[in-house]
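Q: 3D, please:
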Amino acid sequence: MLALCATAFSPALSFENSGANASQVEEPGVTTEPEAATEPEAATEPDAATEPGVTAERILFGQSAAFSGPARELGRNMNLGIEAAFQEANRRGGVHGRLLELITLDDAYEPEAAIANTRKLIEEEGVFALIGAVGTPTSRSAVPITAEAGVPYIAPFTGAIFLRDNTDTGVINLRASYFQETEEIVDRLSRDLGITRIGVMYQNDSFGRVGYRGVRRALERRQLDPVAIGVYPRNTTAIKAGLLDLQQGKPDAVVVIGAYQPVATLIAWARHVGFNPVFATISFVGSNALAGELGPDGRGVLVSQVVPFPAAGNIAIAVQYRRALSAHAPGTTPGFVSFEGYLAGKLTITALEGCGPNVRRSCLTESLNRAGTIDLGGLRLEFGEGDNQGSDAVFLTVIGQDGRYHPIRTLRDVMP
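A: Numbering: from 1, shown residues only. Okay, here's the model as predicted:
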């Protein structure tokens with residue numbers, strides 16, 4: 001796993017857009033006479049033209065993600081990044097002469113819709129693979145379907161552990177896990193600032209509980225327990241009861257596991273009532289959407305990231321990303337989420353190129369495992385047997401007075 005060869009961040013980042021192989025299928029009811037014994041034919045590779053979603057001209061992908069509701073910016077920006085990478089490849093003639101196409105469906109970050117969308121993409125649209133799903137509860141619902149159908153599930157926007165524990169499900173993860181993100185946050189709070197009174201606020205579903213478990217693990221490693229716990233329902237901003245629970249425990253820092261709207265609502269209300277612990281959250285929040293929602297209330301909020309700074313000038317992949325994003329969606333401001341989408345697209349292209357012209361679903365993982373270390377222009381990924389996660393890298397950032405994200409070497413530099 002791991003590895004990010006880039007070592008430096010860019011100065012700052014502004015807001016982002018707030019604003020059974022088919023060749024083997026027999027026809028039913030048709031019987032054939034057994035043929036006379038002949039010389040056995042030499043084994044051949046399956047014809048790629050029979051692979052679902054693959055023709056001589058194109059490879060078709062599907063994405064079910066949130067394009068409406070409180071998490072819509074996450075789906076929209078993942079899609080922007082993936083399309084930027086695919087269109088960049090298509091302008092060069094595609095992958096082995098095939099253009100890359102993407103169908104998107106809105107699941108509004110709801111598991112039931114993710115199930116329906118996944119079935120539609122596989123059974124009706126006949127996609128080759130799914131890419132860029134958003135969320136833990138949606139992925140938990142979709143992956144059993146993709147695994148049963150033998151459809152790759154590439155680079156979901158989640159650090160859920162269950163997508164990493166079982167590597168036989170066709171899941172290919174790009175990013176670090178939520179356990180790694182929460183460990184980094186707790187480590188920096190305790191080591192840099194000596195904070196031991198840490199509370200947790202989390203979305204009451206499988207995503208929130210994974211993040212909560214991550215915080216608990218990190219605290220237990222330091223013989224600590226959370227001093228306060230609050231919860232709120234998914235896809236709502238009903239945070240007031242959770243805020244009251246947090247206040248009871250008088251924490252010096254609160255780790256919030258949620259999407260940008262409820263997280264921003266919590267922090268804004270906390271500021272309003274004079275409750276001002278250090279607030280920290282993880283990458284799923286949607287960094288630039290969070291900064292946009294918070295405005296001046298965002299100063300000092302910590303966010304862990306799993307990709308380098310999108311505006312970095314010294315990392316080749318970041319430069320390529322900004323160029324591709326500008327070509328695909330002129331005027332769009334770069335951001336962490338669309339950068340992750342772009343990296344998901346580049347990872348997919350790299351795996352397809354490794355498959356050769358006779359692309360098959362089964363070759364994607366084999367291609368990545370054979371590659372050893374994959375260098376995506378300064379971002380290094382490693383896959384292997386029993387390891388379906390390319391990067392372990394986590395970076396802590398803070399929203400500054402200018403409303404932009406800044407890298408942190410030590411929290412003592414940014415906290416009073």
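
Q: is it true that Trp269 touches Ile239?
A: Yes: counting by CB atoms under 8 Å, Ile239 is a contact partner of Trp269 at 6.7 Å. For glycine as for every other residue, the C-beta is placed from the backbone atoms N, C-alpha and C.

Q: So which of the two has more stuff around it?
A: Counted by other CB atoms under 10 Å, Trp269 and Ile239 do not tie: Ile239 has more neighbours, with 27 against 15.

Q: if I pick the more buried one, what's in contact with it?
A: Going by CB atoms under 8 Å, 6 or more residues apart in numbering, Ile239 touches 201, 230, 232, 262, 265-266, 269.

Q: Of these, which is the nearest to Leu352?
A: Pro262 (37.3 Å; CB to CB).

Q: give me the number of residues near the closest one?
A: Counted with other CB under 10 Å, Pro262 comes out at 25.

Q: How about Gly331?
A: 7.

Q: tell me the pLDDT at it?
A: At Gly331, the model reports a pLDDT of 95.

Q: and it, what does it touch?
A: Gly331 touches nothing, counting by CB under 8 Å, 6+ apart.

Q: pretty sure it belongs to a helix, no?
A: No: judged by DSSP: H, G, I helix; E, B strand; the rest coil, Gly331 forms no part of a helix; its state is coil.

Q: Please report the distance of it from Pro70.
A: Distance from Gly331 to Pro70, counting by CB to CB, to the nearest Å: 25 Å.

Q: Kindly report the same for Ser283.
A: Distance from Ser283 to Pro70, by CB to CB: 17 Å.

Q: and if you look at Asp413?
A: Separation of Asp413 from Pro70 (CB to CB) stands at 33 Å.

Q: got it, and Leu60?
A: 30 Å.

Q: Using the three-state scheme, assign Val200.
A: Applying three-state DSSP: Val200 is strand.

Q: Quick one: residues contacting it.
A: So Val200 contacts 211-212, 215-216, 226, 228-230, 254-257 (CB under 8 Å, 6+ apart).

Q: Counting neighbours, what do you get for the residue nearest to Val254 when sequence neighbours are not counted?
A: Spatial nearest neighbour of Val254, excluding adjacent residues (CB to CB, 6 or more residues apart in numbering): Gly199 at 4.5 Å. The tally of other residues near Gly199 (other CB under 10 Å) stands at 24.

Q: got a pLDDT number for Gly199?
A: So, for Gly199, pLDDT stands at 98.

Q: Gly390 too?
A: At Gly390, the pLDDT recorded in the model is 96.

Q: ok, the nearest residue to it once chain neighbours are set aside - contacts?
A: Sequence neighbours aside, Leu381 is the residue nearest to Gly390 in space, at 3.2 Å (criterion: CB to CB, 6+ apart). Going by CB under 8 Å, 6+ apart, Leu381 touches 3, 174, 347, 373-374, 390-391.

Q: Enumerate every residue touching the residue lying closest to Gly126 once chain neighbours are set aside.
A: Spatial nearest neighbour of Gly126, chain neighbours left out: Pro52 (4.8 Å); criterion: CB to CB, 6+ apart. The contact partners of Pro52, taken as CB under 8 Å, 6+ apart, are 22, 122, 126-128, 361.

Q: got it, and Ile59?
A: With CB under 8 Å, 6+ apart, Ile59 has these contacts: 53, 94-95, 98-101, 128, 352, 359.
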